[in-house]
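Enquirer: Build the 3D model from these lines:
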Amino acid sequence: MPSNNSKNKIVLISPTSDDFRISLLEGKAGYFFPPMGLMLVAQTLKNAGYDVTVFDGNFDPNYKEAILETIVEHSSNIIFVGFYLAFLQIKDFVDLLESIKLQCPKIATVVGGPFPSVFPEMTAEYELIDIVCWGDGAQVSVQVADSIRAHRDLSEIPNLCFKKNGQIQKNPKSISDSL
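Expert: Below you'll find the model as predicted:
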């Protein structure tokens with residue numbers, strides 16, 4: 001449960017997927033598939049008492065401006081910015097991550113989803129990524145938020161891959177992910 005620490009906000013982002021980009025630009029939304037895994041993470045964080053804002057690039061073609069505005073406006077209260085990342089979202093993800101880190105270089109970034117679950121070490125190598133979740137992220141996201149707020153080590157949290165002392169550390173998967 002969050003402490004009285006003023007940092008309580010988490011921003012979650014599902015970048016625009018390449019297969020939706022042209023339709024969105026043409027004003028044709030087509031079929032919309034909400035990022036259900038990210039929604040589960042968001043609800044779990046909300047249930048733990050965190051203030052969560054979710055942006056979905058496959059739903060709103062102008063979401064990048066809103067993300068940057070939110071992050072700059074609330075930067076002192078943001079614990080981390082989390083991304084859902086599938087292969088077709090890499091282009092928008094990199095653009096967004098670079099923009100966010102340019103505006104707020106010290107903000108923590110967490111990346112989860114199918115791509116980092118398959119390539120956790122490779123994803124963690126990217127200098128702008130702080131933490132990679134490589135498996136179920138719902139309960140892990142609360143542990144990450146709690147640890148960042150309390151300035152605790154991430155080494156005991158399952159399903160994480162991150163840089164520690166210049167080296168990539170890959171924590172074991174949780175028991176439920178191993179079944």
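Enquirer: use CA for all of it now, contacts and neighbours both
Expert: Will do.
Enquirer: how close does the residue sitting nearest the centre point of the chain sit to Val41?
Expert: The centre of the chain sits closest to Gly82, judged by CA atoms, centre = their mean, with a distance of 1.6 Å. Gly82 is 10 Å from Val41, where distance means CA to CA, to the nearest Å.
Enquirer: One more: Leu96?
Expert: In terms of CA to CA, Leu96 sits 20 Å off from Val41.
Enquirer: returning to that earlier point: tell me the SS of the residue nearest to the centre of the chain?
Expert: strand (DSSP: H, G, I helix; E, B strand; the rest coil).
Enquirer: Equivalent analysis for Ile10, please.
Expert: strand.
Enquirer: if you skip the residues just before and after it, what's nearest to Val41?
Expert: Ala138 (4.3 Å; CA to CA, 6 or more residues apart in numbering).
Enquirer: Which one's more surrounded, Leu96 and Val41?
Expert: Neighbours per residue (other CA atoms under 10 Å) separate Leu96 from Val41, with Val41 holding more: 22 against 19.
Enquirer: Look up phi and psi at the more buried one.
Expert: Backbone torsions of Val41, given as degrees, to the nearest 10, read phi -60, psi -50.
Enquirer: so what's Thr123 up against?
Expert: Neighbour list for Thr123: Pro116, Ile129, Val132 [criterion: CA atoms under 8 Å, 6 or more residues apart in numbering].
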